[in-house]
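Q: dropping a prediction and its sequence here:
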Protein chains: 2
Amino acid sequence: MSELLVVGSVALDSVETPFGKVQEALGGSATYFSYSASFFTGVHLVATVGEDFPEAHLKLLEDRGVEIGGLQTSRGRTFRWSGQYGYDLSEAKTLETQLNVFAEFRPVLGEGLGRTPFLFLANIDPELQLDVLCQMKERPRLVALDTMNFWIQGKREALRRVLAEVDVVTVNDGEARQLASEPNLIRAARAISTMGPRTVVVKRGEYGALLLTEDRLFFVPAYPLESVYDPTGAGDTFAGGFMGYLAAQDRVDAAAMRRAVVYGSVMASFTVEDFSLKRLTRLTPADINERYMAFHDLIRVEP
Amino acid sequence: MSELLVVGSVALDSVETPFGKVQEALGGSATYFSYSASFFTGVHLVATVGEDFPEAHLKLLEDRGVEIGGLQTSRGRTFRWSGQYGYDLSEAKTLETQLNVFAEFRPVLGEGLGRTPFLFLANIDPELQLDVLCQMKERPRLVALDTMNFWIQGKREALRRVLAEVDVVTVNDGEARQLASEPNLIRAARAISTMGPRTVVVKRGEYGALLLTEDRLFFVPAYPLESVYDPTGAGDTFAGGFMGYLAAQDRVDAAAMRRAVVYGSVMASFTVEDFSLKRLTRLTPADINERYMAFHDLIRVEP
C-alpha cells in the first residue's frame, strides 16, 4: 500500500440545483479527492484556506484520516465558488468565483512529501502543477493531472509542458476535444496520449468514463442512479477513487487501471447523491464494495 | 436455430449529413432489421413497396437470404423519407415524409409465417402491430416491439394494448421518458417494464444501450468509432442483431439477452459507418466476430 499526495483547492461552495441548495458548504478539488481517496489509502493534502475556514471542516478531513499538515492557513478569506445547475446536470453555470487566498497559493511540499509515490495534481494553474513536480525529490511512481477549459485556453503552453511530464490526465469530453482540437472523442483521446500521458481518462458525467491506456480503450457507464442531486465534485471524487485504488494496490498496469476506473465511478456515484460531501460522510467500506459488485453486474457479459 | 419474422417499412430514404448525402437510397425499418438479422438466422420480411421500387433493392435483400415472399407490391409509389442531420448526429430533422403505399399498408402473414417463433414488430401504427399479433397462429417464443414519439403521443391507448402483449420493447432515451412520463431514464425503464414487456432496451445512440430484464440492468457503450457518417437505421440494425442472435441461439434468458445487446451494438456500429445499407453490404461474418471481441475488450474488467 502506497501513500498519495494531492495538491489542489479547498473551497466553500454555494450550489443550487433543481433539487435544493447549499451555502458555503465544504468543497474544492483537493477536498473531494482526498476524502474519496481516504477510503483506499493514506492521503496527504496540500492546499490553502483563509482564516475564516470553519474548524468543523478541518475536523471532517482529519476524522477520515486525511493528513492535512500541508494545508496552509493564509491571511484572508477562503476561496469561494458559487454555481447553479439546471435539470441537465451536466454543466454548472458559475455565478461567482472569489479566489481570495487561492490567488496567492504557492504549494510547498513539507517534510517527506517529496517522496510520495502517487501524486495527483488537481485542477490548478499548470505553472503551479509544474512547480509541484519540481519539488518532488523522487519521480513518483504515478503522476496524474486534472485541468480545465480555463487553462487549456489561457495557459496552453505551460499545460503542454506539464502534460509532457505526467502519466495520467483526467479531463471531461469538452476539455478533451478542446485540448486536442479534435471533435471526435476517440481521436481526441489518442491525440492527448501523444502529448505525454500514456493514460487518458475522459470523464463523461452521466455517460460514464473512457480510459485509453497502452492504446486500448475501456468504457464504463455511470452507475444508473434513480436520483442525482448535485454533480459538484464528481470528477475529483472519481479521481480520488481511481488514484486511491491504484496507490492502495501499488499497481499501475492496465488491468488495475480498469478496476481503478470502476472504483472512481463508484465513488463519484455516491458524491452526486447529495450536496457537498454529505453522502461521502455517511459512506462505509461495505457500501463501496456493494456498489463495486453492482457495477460488475451492470457491465458483465460472458463471451 | 429459429426463424425470425419482421413486419415494418421498406422505404426510399434521402439523407444529408455533414459528411455527404444520398438520394432515394434503400431504407426502412424492416429493411435494416432483416438485413442485419440475416447474418444470424433466417428472416422473413413483411412490408409493402410501390410499383416504382427498384429491382436492384429486392435483389440485395434476396442475395442476403432475406425471405421476401411477404413483401407486397402495391399500386402507387414507395414510402419515401428525407431527413437531415447536423454535427450532432443524435437526432434527424425530418424534411419530408411521403407515406404513399405505406399509408394503406395492412400486413398479411402468408402461409406458415403465423408460426414463426421470433417476431419483431418494427415501428408502425400500434393498431397494425396488434393486428399482426392476432394473426399469429401460435404465441411466438419472443415478441419484440419498436415504436416512436409519433405513436406514443397520437396512439397511446393502442400502444399500451400492444405493449401488454409483448416481451421486449426497444425505444430511445426520449421515447422511454415520454412513454413513462418520467424524466429519469432508469425509473422510466422500470415503469415501462410494468406495462407488459419484461425486457426493456433503451437505445442511446453514441452513448450505447441499456437493457433492463428481470429487474437487472445491463449497460453497453456504443462502439468507439473514429468516423460516423449516417446514423439512419442504427436502431433497426441494432434490433436485427439483437433478435437475430436470440433466434439463432433459440434462447431468451438474461445471459443471452446481454450478449444479444452486444451483437445489436456491433451491427449498429457498422451501419453508421456509411450511408444507407452500404457498410452492411460489405460486411462479413469475420468482421462481426472481430468487432464482437473488440466490444468484449472494451468493457471487460476482472473482478
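A: Perfect, I can see it now. Residues are numbered from 1 along each chain as shown, chains lettered A, B, ... in the order given.
Q: neighbours of A:Ile152, how many?
A: Residues contacting A:Ile152 under the criterion other CB atoms under 10 Å in any protein chain shown number 21. No exception for glycine: its C-beta is placed from N, CA and C like everyone else's.
Q: show me what the host helix or strand of it is packed against.
A: According to DSSP states H and E, A:Ile152 maps onto helix A:149-154. Secondary structure elements in contact with helix A:149-154, counted by 3 or more CB pairs under 8 Å, 6 or more residues apart in numbering or on different chains; DSSP states H and E, are helix A:156-163, helix A:173-180.
Q: would you reformat these as CSV and include distance to chain B and mean neighbour count?
A: Listed next are the helices and strands packed on helix A:149-154 as CSV, based on distance: least, CB to the nearest CB, whole Å; neighbours: other CB atoms under 10 Å in any protein chain shown:
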stretch, distance to chain B, mean neighbour count
helix A:156-163, 22, 17
helix A:173-180, 11, 21
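Q: now the ones you listed as CSV including mean pLDDT?
A: Shown next, in CSV, are the helices and strands packed on helix A:149-154 (pLDDT from 0 to 100):
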stretch, mean pLDDT
helix A:156-163, 97
helix A:173-180, 93
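Q: chain B versus A:Gly65, what's the distance?
A: 27 Å (CB to the nearest CB, to the nearest Å).
Q: isn't A:Asp297 up against B:Phe219?
A: No: under the criterion of CB atoms under 8 Å, A:Asp297 makes no contact with B:Phe219, lying 10.4 Å away.
Q: of those two, give the one with the bigger neighbour count.
A: B:Phe219 (24 against 10).
Q: looking at this, that one is in a strand?
A: Yes: residue state for B:Phe219 (DSSP: H, G, I helix; E, B strand; the rest coil) corresponds to a strand.
Q: give the contact list for the closest residue in space to it that isn't next to it in sequence.
A: Excluding its sequence neighbours, the residue lying closest to B:Phe219 (CB to CB, 6 or more residues apart in numbering or on different chains) is A:Pro221, at 3.8 Å. Going by CB atoms under 8 Å, 6 or more residues apart in numbering or on different chains, A:Pro221 touches A:Tyr207, A:Gly208, A:Ser265, A:Leu298, A:Ile299, B:Gly208, B:Phe219, B:Pro221.
Q: let's see 7 Å
A: A:Gly208, A:Leu298, A:Ile299, B:Phe219, B:Pro221 (CB atoms under 7 Å, 6 or more residues apart in numbering or on different chains).
Q: per-residue confidence at the closest residue to the first one other than its chain neighbours?
A: When you say that, I think you mean A:Gly208. Leaving aside its chain neighbours, A:Gly208 sits nearest to A:Pro221 (4.1 Å; criterion: CB to CB, 6+ apart). For A:Pro221, the pLDDT comes out at 93.
Q: please report how far A:Pro221 lies from A:Ala256.
A: Noted for A:Pro221: a distance of 20 Å to A:Ala256, by CB to CB, to the nearest Å.
Q: now swap in A:Leu142 and tell me
A: 10 Å.
Q: more neighbours: which of these two?
A: A:Leu142 (22 against 15).
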